[in-house]
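K.L.:
Have a look at this prediction, sequence included:
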Amino acid sequence: MRRPAPAAAVLLLLAALPFAGTASAQPAENPPDVRLPPAEGEYRPGLGVETSHELGDPLGHPLSGEELDRAVAEVAADIRCPKCQALSIADSAAASAQAMRAEARSLLSQGYTREQVVGYFEQRYGEFVLLEPRARGLNLIVWAAPAGIVLVGGLLVALRLRQRRRSADEDLDTYLRQVEQETAT
Amino acid sequence: MNRRVLLVGLGISLPLLAFLGFAFRHDPQIVESPLVGKPAPNFRLADLDGNIVDLAELRGRPVIVNFWATYCVPCLYEHPLLMEGARRWQGEIHFLGVIFQDDPETIAQFNADYGSWGPSLVDEGGRVAIAYGVYGPPETFFIGRDGVIVDKAIGQVWPDQLLDVANRMLAQPAAATG
């Protein structure tokens, strides 16, 4: 059998590059044979997970119709899709995002408030699941850093300008004194 | 003047380096689970044969809950280890698999071909995965005798990791069970 030319081997390697590292812990966004979440009311009775302990009692009123759709959309816009890059579960078609939207809908229809539903997801996935980090603790760096950088930068520029003006004034004074001395003689 | 420039440079770069040093100590791919140290969410699921498994009824013995799928390559790599673990700690630790967005028929075929280390539970709607805050398979939760999550593995479970956590769970006194 004829050995492939080196150039052909390089081309083969380059072609294979996009497939390198696909065996990661995070599977493709839409893996094959995905089971989509069943529609509301399709869950088998008696099966599932107990969430009442984590959620507590519903603090709002059960939502339905357009009000429910609006509330689901609001909650979904704040929650990060766990299998995507910086996408909310409202914007993602991943099966995980669909399942989380269905969970949010189910909870809101039971009377849980938007805050309770967002809090539930945060409690399960950690703060990372919030698209907008809460302004507390180390997160304050993210909120304060831009203002701090502008402030410090502005201060440095102002100091430098003042220094330059003072230096220019001193140069002028020296020059004038020199002129006076030369014209006096 | 040069000394001042040096001081300003150090003043800017040192905090930046310290911040980066702190950040690089953590793998950005790994998000710590807020559930470790907290009671495991209780679930009641059916396996592929329709048998019901209730997590609360397993209290008193450590439980390993593994979220997996056949399309997930690391799940396939860790399969022999979980088979070995289930054999080694038979009667001491419960091994439960929760199917993560996969077809039960595909799972059944996989189990028939490669063996099974525990019941494969059907998580309709992925509600259990949400309650456990699963980002993607494989994720493994180690639940102690008292029903509290002792540890969590993100990605493939490694032999020394499994041995370490299993020994820790088995060392928990039986009296601590709730």
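P.N.:
Good, I have the coordinates.
K.L.:
shouldn't B:D54 be in contact with B:R44?
P.N.:
Yes: between B:D54 and B:R44 a contact is recorded at 4.7 Å, counting by C-beta atoms under 8 Å. Where C-beta positions appear, they are placed from N, C-alpha and C, glycine not excepted.
K.L.:
Neighbour count: the two, which is higher?
P.N.:
B:R44 (18 against 13; other C-beta atoms under 10 Å in any protein chain shown).
K.L.:
Quickly note the distance from that one to chain A.
P.N.:
6 Å (C-beta to the nearest C-beta, to the nearest Å).
K.L.:
ok so that residue is a strand residue?
P.N.:
Yes: remark: B:R44 belongs to a strand, assigned using DSSP: H, G, I helix; E, B strand; the rest coil.
K.L.:
In the sheet, which residues pair with it? Tell me.
P.N.:
According to DSSP bridges, A:G48, B:D54 are recorded as the beta-bridge partners of B:R44.
K.L.:
Next up, the contacts around it.
P.N.:
Contacts here follow C-beta atoms under 8 Å, 6 or more residues apart in numbering or on different chains; on that basis B:R44 touches A:G46, A:L47, A:G48, A:V49, B:I52, B:V53, B:D54, B:L55.
K.L.:
So, low pLDDT: which residues of chain B?
P.N.:
Counting by pLDDT under 70, chain B shows low-confidence ranges at B:1, B:28-31, B:175-178.
K.L.:
Restricted to buried residues, select the contacts of B:R44 in ChimeraX.
P.N.:
Buried members of the contacts of B:R44, defined by 16 or more other C-beta atoms under 10 Å in any protein chain shown, are picked up in ChimeraX with:
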select /A:47,48,49 /B:53,55
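K.L.:
Tell me which other helices or strands the helix or strand harbouring B:D160 touches.
P.N.:
B:D160 is located in helix B:159-171, with elements delineated by DSSP states H and E. Using 3 or more C-beta pairs under 8 Å, 6 or more residues apart in numbering or on different chains; DSSP states H and E, the elements in contact with helix B:159-171 are helix B:73-88, strand B:139-143, strand B:149-154.
K.L.:
So which of these is nearest chain A?
P.N.:
Chain A sits nearest to helix B:73-88 of all the helices and strands packed on helix B:159-171, at 4.0 Å, using C-beta to the nearest C-beta.
K.L.:
who's in contact with the most centrally placed residue in chain B?
P.N.:
Ranked by distance to the mean C-alpha position of chain B (C-alpha atoms, centre = their mean), the top residue is B:T140 at 1.8 Å. Shown here is B:T140, whose contacts under the criterion C-beta under 8 Å, 6+ apart are B:I64, B:V65, B:N66, B:F67, B:K152, B:A153, B:V157.
K.L.:
Any chance of JSON lines for those, columns secondary structure?
P.N.:
Converted to JSON lines, the contacts of B:T140 look like this (three-state DSSP):
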{"residue": "B:I64", "secondary structure": "strand"}
{"residue": "B:V65", "secondary structure": "strand"}
{"residue": "B:N66", "secondary structure": "strand"}
{"residue": "B:F67", "secondary structure": "strand"}
{"residue": "B:K152", "secondary structure": "strand"}
{"residue": "B:A153", "secondary structure": "strand"}
{"residue": "B:V157", "secondary structure": "coil"}
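K.L.:
Between these, which sits nearest B:R3?
P.N.:
Taking C-beta to C-beta as the measure, B:R3 sits nearest to B:K152 out of the contacts of B:T140, at 50.9 Å.
K.L.:
what's around the residue lying closest to that closest one once chain neighbours are set aside, how many residues?
P.N.:
Residue nearest to B:K152 in three dimensions, not counting chain neighbours: B:S33, with 4.7 Å by C-beta to C-beta, 6 or more residues apart in numbering or on different chains. By other C-beta under 10 Å, the residues close to B:S33 number 21.
K.L.:
Also B:V150?
P.N.:
Counted with other C-beta under 10 Å, the neighbours of B:V150 add up to 19.
K.L.:
A:E127 too?
P.N.:
Neighbours of A:E127 under the rule other C-beta under 10 Å: 15.
K.L.:
what's the answer for A:R160, then?
P.N.:
As a burial measure, the neighbour count of A:R160 was computed by other C-beta under 10 Å and equals 10.
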